[in-house]
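*Asks:* quick one, what's the 3D model for this:
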Amino acid sequence: MENFLEKFFPEVVEHHHERNNYCMYDYSGLADFTACLYAGGFLGTITGAVLSRRRGRRPSILLGGAGYLVGAVMTAAAMHLPTVVVARILMGFGIGMLNQAVPIYLSEMSNEKHHLAMEICLELALSVGVLISNLVMYGSGKLPKWGWRLSLGLSAIPSSSIIVIGLLLPETPKV
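*Replies:* Below you'll find the model as predicted:
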């Protein structure tokens, strides 16, 4: 979104006309910013594996949802680039924990007969979530000035849902 780039990466907007055929935004700072989410995801996956083994799947799901929620709110409210970077790392951390804990939780809580169906439903839910996210990005991209805040802030909805559902879930018997 142009408004996001203007606020946090003005040098990208200034040199946008110099793009090549391979990269629309040829700027390593933007690539580093994008990588923050993946770095957080890596750390979240490792931490989630240890926490899941020691404390159970439910605490990992709750902590992952909380990291995702705090990151979403921070990103939407950010006024400076360091805040956005920390928020992206937190979001990645939460997503990494969830990517590790939720499939294990589902496999431990479902009976053998429905195990595969539960995993397929998880993949379907993730795919629908990506579709909704892209539609939100498309729609909010048309809003002047604050559309990027709306699109990033709306990611607080699934993270809040994860926390509420996580509070209602029982712990797996295999802890």
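*Asks:* switch to C-alpha atoms for all contacts and neighbour counts from now on
*Replies:* Fine.
*Asks:* any idea how far residue 37 is from residue 30?
*Replies:* Residue 30 sits at a distance of 12 Å from residue 37 (criterion: CA to CA, to the nearest Å).
*Asks:* of those two, who's got more company?
*Replies:* Using other CA atoms under 10 Å, the more surrounded residue of residue 30 and residue 37 is residue 37, with 22 against 14.
*Asks:* wait, doesn't that one sit right on residue 88?
*Replies:* Yes: under the criterion of CA atoms under 8 Å, residue 37 makes contact with residue 88 at 5.1 Å.
*Asks:* immediately after the lowest-mean-pLDDT helix or strand in the chain, which helix or strand?
*Replies:* Lowest by mean pLDDT, DSSP states H and E among the helices and strands of the chain is helix 10-14, with a mean of 70. Using DSSP states H and E, the helix or strand that follows helix 10-14 in sequence is helix 28-55.
*Asks:* could you list every helix and strand in contact with that following helix?
*Replies:* Contacts defined by 3 or more CA pairs under 8 Å, 6 or more residues apart in numbering; DSSP states H and E place helix 28-55 against helix 57-77, helix 81-109.
*Asks:* at 10 Å what do you get?
*Replies:* Judged by 3 or more CA pairs under 10 Å, 6 or more residues apart in numbering; DSSP states H and E, helix 28-55 is in contact with helix 10-14, helix 57-77, helix 81-109.
*Asks:* run through this structure and note the low-pLDDT ranges.
*Replies:* 1, 13-28, 175 (pLDDT under 70).
*Asks:* same thing but at 80, please
*Replies:* 1-31, 173-175 (pLDDT under 80).
*Asks:* so residue 75 makes contact with residue 8?
*Replies:* No: look at residue 75 against residue 8 with CA atoms under 10 Å: they stay out of range, at 11.6 Å.
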